[in-house]
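A.B. asks: Structure of the sequence below:
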Amino acid sequence: MKPTRPTNEVFTEQEIDSFYAIGKQMLEDAKKERDEKKGIAKLVDEVGKIQALTEDEIIELVRDTYTVPMLKEAFLVTRLKALRDEKDKESRHEKADRLLLDYIGSDAVREAFNELDKWYA
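C.D. replies: Residues are numbered from 1 along each chain as shown. Below you'll find the model as predicted:
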């Protein structure tokens, strides 16, 4: 059963300030997440236009505008989209697996994943 306050109880000023601060933080977090998703979508387009550069060169060019995690995500999305043109489904799937494992960057995850039987192997 969910605890409730009596309806005649008045919140203290400190409680009201606390509720306001929590609500304000939740709104800021939601806005930041929305803006980051928009930024990643825009960045995917930009990365697609400058494929001739290396990742390090791109990061250096746009590091003041985008965070490194946003850049890495945009690189991954761009590379995964490029796999659509690959004719061989098995090869496409293997390449996507490698891209995702590189993105995750964990040797433990890679080792556990590589131990799994694959339908396309």
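
A.B. asks: residues touching the most centrally placed residue in the chain, list them.
C.D. replies: The centroid of the chain falls nearest to residue 73 when counting by CA atoms, centre = their mean (6.0 Å). Residue 73 makes contact with 40, 103, according to CB atoms under 8 Å, 6 or more residues apart in numbering. Any C-beta I mention is one placed from the backbone N, CA and C, and that applies to glycine too.

A.B. asks: can you tell me the helix or strand for it?
C.D. replies: helix 68-82 (DSSP states H and E).

A.B. asks: okay, the residue nearest to the centre of the chain: pLDDT?
C.D. replies: With respect to pLDDT, residue 73 scores 83.

A.B. asks: do the same with residue 93
C.D. replies: For residue 93, the predicted pLDDT is 91.

A.B. asks: go on, residue 49?
C.D. replies: For residue 49, pLDDT reads 63.
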